[in-house]
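[1] here are the coordinates; sequence isn't available:
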């Protein structure tokens, strides 16, 4: 359990502060912190953050940077799961790059789907699609957002699970 907390990103909005890995590590080093837990969300899925914490001489509380990198790549994560016979949600086994591929997936499953950045993380850029009429538009929006956020507009499509927990 943490025994101290520190203000990060004094002149930044909350999202900017959360993404400022350099300041987080510098504050930790200046204050003799010996371990960092990334919380839940984007930093928890950033292998480069885990590696920077370790390189700075602190303990990263979480998976190894290599394991994070494997799981951050949704295609590798899916292949790992399938390789050990874990059941996975019906989805595209490769990135889709055209609205037509998304339409075909929707027609095949005839159910709400989710479009998500193939190389994204932290739950950002996902789009729920409930009707065939909205697939192409949702694809274009999700692809543009993925390009801006992650530098690649490729998407994955999966059957939507309404209440997974």
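    Now that the structure is in, tell me what you want to look at. As the structure is a prediction and not an experimental result, all values here were calculated from the model.

[2] not counting sequence-adjacent ones, nearest residue to residue 17?
    Using CB to CB, 6 or more residues apart in numbering and skipping residues adjacent in sequence, the residue nearest residue 17 is residue 9, 2.3 Å away. Placement of C-beta: from N, CA and C, glycine included.

[3] which parts of the chain are helices?
    For the chain, applying DSSP state H gives helices covering 14-19, 21-30, 47-55, 65-72, 74-83, 99-109, 135-150.

[4] any chance of these in TSV, plus distance to residue 165, mean neighbour count and mean pLDDT?
    Shown next, in TSV, are the helices of the chain (distance: least, CB to CB, whole Å; neighbours: other CB atoms under 10 Å; pLDDT from 0 to 100):
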stretch	distance to residue 165	mean neighbour count	mean pLDDT
helix 14-19	24	13	80
helix 21-30	30	15	94
helix 47-55	26	18	95
helix 65-72	19	16	84
helix 74-83	18	14	86
helix 99-109	21	17	95
helix 135-150	24	18	92
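
[5] can you list the ones you listed in CSV and add distance to residue 124?
    Below are the helices of the chain laid out as CSV (distance: least, CB to CB, whole Å):
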stretch, distance to residue 124
helix 14-19, 10
helix 21-30, 17
helix 47-55, 16
helix 65-72, 12
helix 74-83, 13
helix 99-109, 18
helix 135-150, 6
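
[6] distance of residue 116 from residue 85?
    The gap separating residue 116 from residue 85 is 23 Å, by CB to CB, to the nearest Å.

[7] who's more crowded, the two?
    Taking other CB atoms under 10 Å, residue 116 and residue 85 do not tie; residue 116 has more neighbours (20 against 6).

[8] number of nearby residues for the closest residue to the more buried one other than its chain neighbours?
    Nearest non-adjacent residue to residue 116, counting by CB to CB, 6+ apart: residue 126, 4.4 Å away. Residues lying near residue 126 (other CB under 10 Å) number 16.

[9] check contacts around residue 126.
    Residue 126 is in contact with 114, 115, 116, 117, 120, 142, counting by CB atoms under 8 Å, 6 or more residues apart in numbering.

[10] show me which pair in the residues you listed is furthest apart.
    Maximum pairwise distance among the contacts of residue 126 (CB to CB): 12.1 Å, between 114 and 120.

[11] those two: who's more crowded?
    More neighbours surround residue 120 than the other of residue 114 and residue 120, with 24 against 19 (other CB under 10 Å).
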